[in-house]
Structure formats: C-alpha cells, structure tokens
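Participant: structure of the sequence below:
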Amino acid sequence: MRQRPARIARAATGLPRTFALDLRALNLAEGVRASLATSAIVLAAAWLQQPVLMSAGLAAWFTCLADAGGPIRRRVPVLVTFVLLGTVFTGAFGLLRGGPVALTIVLASICVLHEPRRRSRRQQSGDKPAADAA
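Facilitator: Numbers count the residues shown, from 1 in each chain. The predicted structure follows:
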C-alpha cells in the first residue's frame, strides 16, 4: 500500500495545519530542556513545601511553549514581550485578588477574548505579526 504525502494526509483529516502531527518537527533536545525547566521548579515547590512556586513552574512551561525557536534575533523580542506581558497581567490580577470576584472575571474575560479577535483582524488585513516579519 502506497503512503500519501504528509500534505495530503493533513488535508484528508480536515484539521488545520496547527493541529496536524508532524513527526519530523519533534525535537528531543527542546523537549528535554522544557521538561527540565518545568520539573526543576515543580520539584523545588514540593521539596520546599511552597505551592506558590507551582505558578512559576507553569510560567516556565508557558515560556517554553511561546519560544518558537529559530534565530536568536527573532526569539528574543517575542520572549521579552511574553515575559513583560505575563508580569503585568500577573501583577494586575494579583492586586485584584482581594477585590470583587465579578470584576476579576470580567477583566480576565476581556483579556482572554481580546487576543483571538486581534489575531483574526490581523489575518483579514493580511498583516504579519512582528515576530514573523523578520
């Protein structure tokens, strides 16, 4: 039986390209780096009995997911933006911790729902994100 090319196989599944599994894109070194960055913090949280460190472990994992790889000139601006926005949002929602729950839910919903609309507007206009422009 003859195998279909990956491009045709992806189209046949009906899934967008971002959801298709491409085994050639797997990188063992990046996986080990991401798991060490995350698990070291999680182990420290368990050993020190400081559950608040678990959020740092989650942040490390999100940072590994946000790092698209490639040349360092393209990676640094994206990661710096990710870190700065993460810091701002963590601080802002930390200040809302003792406030009204309804306000926190409304603000979090606005933050979460704003990104997909911004991305769809950018795609409709044909603009590329700053990270892809280089």
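Participant: dump stretch 21-32 to CSV, restricted to CA.
Facilitator: The C-alpha coordinates for stretch 21-32 follow below in CSV (Å, rounded to 0.1, in the frame of the first residue of the first chain):
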residue,chain,number,x,y,z
LEU,A,21,1.1,16.0,14.0
ASP,A,22,4.3,16.3,12.1
LEU,A,23,6.8,13.7,13.5
ARG,A,24,9.7,15.5,11.6
ALA,A,25,9.1,18.6,13.8
LEU,A,26,9.8,16.7,17.1
ASN,A,27,13.0,17.8,18.8
LEU,A,28,14.2,15.7,21.7
ALA,A,29,16.7,18.4,22.9
GLU,A,30,13.9,21.0,23.1
GLY,A,31,11.7,18.5,24.9
VAL,A,32,14.3,17.7,27.5
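Participant: average pLDDT for it?
Facilitator: Taken as a whole, stretch 21-32 has an average pLDDT of 78.
Participant: okay, now the unreliable bits of this structure?
Facilitator: 1-20, 115-134 (pLDDT under 70).
Participant: okay, strands next: where are they in it?
Facilitator: With strands called from DSSP state E, the chain shows none.
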